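Chemist: Give the three-dimensional model of this entry:
(chains A and B)
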Amino acid sequence: DTGVSQNPRHKITKRGQNVTFRCDPISEHNRLYWYRQTLGQGPEFLTYFQNEAQLEKSRLLSDRFSAERPKGSFSTLEIQRTEQGDSAMYLCASSFWGAQDFGGYTFGSGTRLTVV
Amino acid sequence: EDQVTQSPEALRLQEGESSSLNCSYTVSGLRGLFWYRQDPGKGPEFLFTLYSAGEEKEKERLKATLTKKESFLHITAPKPEDSATYLCAVPDNSNYQLIWGAGTKLIIKP
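Modeler: Coordinates of the predicted model:
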């Protein structure tokens, strides 16, 4: 297992276009998270899955954002009708969640999105 | 309100000059405090988890300590390759979300 893999590493898109990112987590991990990070800030929670179920979605996340995790394996994050404010680093992380053990996250290298 | 505050925002040191980074938190019922290192253009890399006041963890030139209100990341005799942004995070009252500090950007000059 080579860790959490994210593709693409960089994406430049025109405002109004749709984009999709992919995340392949560590296979033994049962949780997958999506975060967004802007310069000089810590990661901001977007959504997470436990196995194939999407259990929570940030209230800050607009309806233009959607995430899927078919069969509890890889996950995709789609942003529709991109806006310049969507420009950020999109991070995927996975962890093993056990009773009373939050566990440490393993992050991917992220996808840098630039909306022009 | 649950909150994590890191200081300083940035720290410039000469190689070999030891110092400490601070992470203060306000959350009820601490269920762990996490330290991560982040290099430019990359995702955060896990360093340590601390669970209870008085606990200490070490890795190479880094040592993390925890009190009831804050955590310190001590760096001893740093090298230029220790330059990075160091982030800390704590779980909130949910069972899924971490509250993150904004990080301390550490620059070690040769």
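Chemist: Just the pLDDT for the residue lying closest to A:Ser66 once chain neighbours are set aside.
Modeler: Among residues not flanking A:Ser66 along the chain, A:Glu78 sits closest, at 5.1 Å (CB to CB, 6 or more residues apart in numbering or on different chains). For glycine as for every other residue, the C-beta is placed from the backbone atoms N, C-alpha and C. Note for A:Glu78: predicted pLDDT of 97.
Chemist: how many other residues sit next to A:Glu78?
Modeler: For A:Glu78, the tally of surrounding residues (other CB atoms under 10 Å in any protein chain shown) stands at 13.
Chemist: in the sheet, who's paired with it?
Modeler: Going by DSSP bridges, A:Glu78 is paired in beta bridges with A:Thr20, A:Ser66.
Chemist: distance of it from B:Ser71?
Modeler: Going from A:Glu78 to B:Ser71 by CB to CB, to the nearest Å gives 37 Å.
Chemist: For the residue nearest to A:Ser66, list the residues it contacts.
Modeler: Taking CB atoms under 8 Å, 6 or more residues apart in numbering or on different chains as the criterion, A:Glu78 is in contact with A:Asn18, A:Val19, A:Thr20, A:Phe21, A:Phe65, A:Ser66, A:Ala67, A:Glu68.
Chemist: For the most centrally placed residue in chain A, which non-adjacent residue is closest in space?
Modeler: Chain A has A:Trp34 as the residue nearest its centroid, 2.8 Å off, counting by CA atoms, centre = their mean. Distances taken as CB to CB, 6+ apart put A:Leu46 closest to A:Trp34, at 4.3 Å, once the chain neighbours are dropped.
Chemist: Whichever strand or helix holds A:Tyr33 packs against which elements?
Modeler: Using DSSP states H and E, A:Tyr33 sits in strand A:31-37. Secondary-structure packing of strand A:31-37 (3 or more CB pairs under 8 Å, 6 or more residues apart in numbering or on different chains; DSSP states H and E): strand A:44-50, strand A:75-79, strand A:88-95.
Chemist: what residue ranges in chain B are flagged as low confidence?
Modeler: Within chain B, no stretch has pLDDT under 70.
Chemist: can you give me the strands in chain B?
Modeler: B:3-7, B:10-14, B:19-26, B:33-38, B:45-50, B:56-59, B:62-66, B:70-75, B:84-91, B:98-100, B:104-109 (DSSP state E).
Chemist: got those as CSV, with mean neighbour count and distance to A:Lys11 columns?
Modeler: As requested, the strands of chain B are exported to CSV (neighbours: other CB atoms under 10 Å in any protein chain shown; distance: least, CB to CB, whole Å):
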stretch, mean neighbour count, distance to A:Lys11
strand B:3-7, 17, 29
strand B:10-14, 13, 29
strand B:19-26, 18, 32
strand B:33-38, 24, 20
strand B:45-50, 18, 23
strand B:56-59, 12, 34
strand B:62-66, 20, 33
strand B:70-75, 20, 33
strand B:84-91, 24, 23
strand B:98-100, 22, 23
strand B:104-109, 18, 25
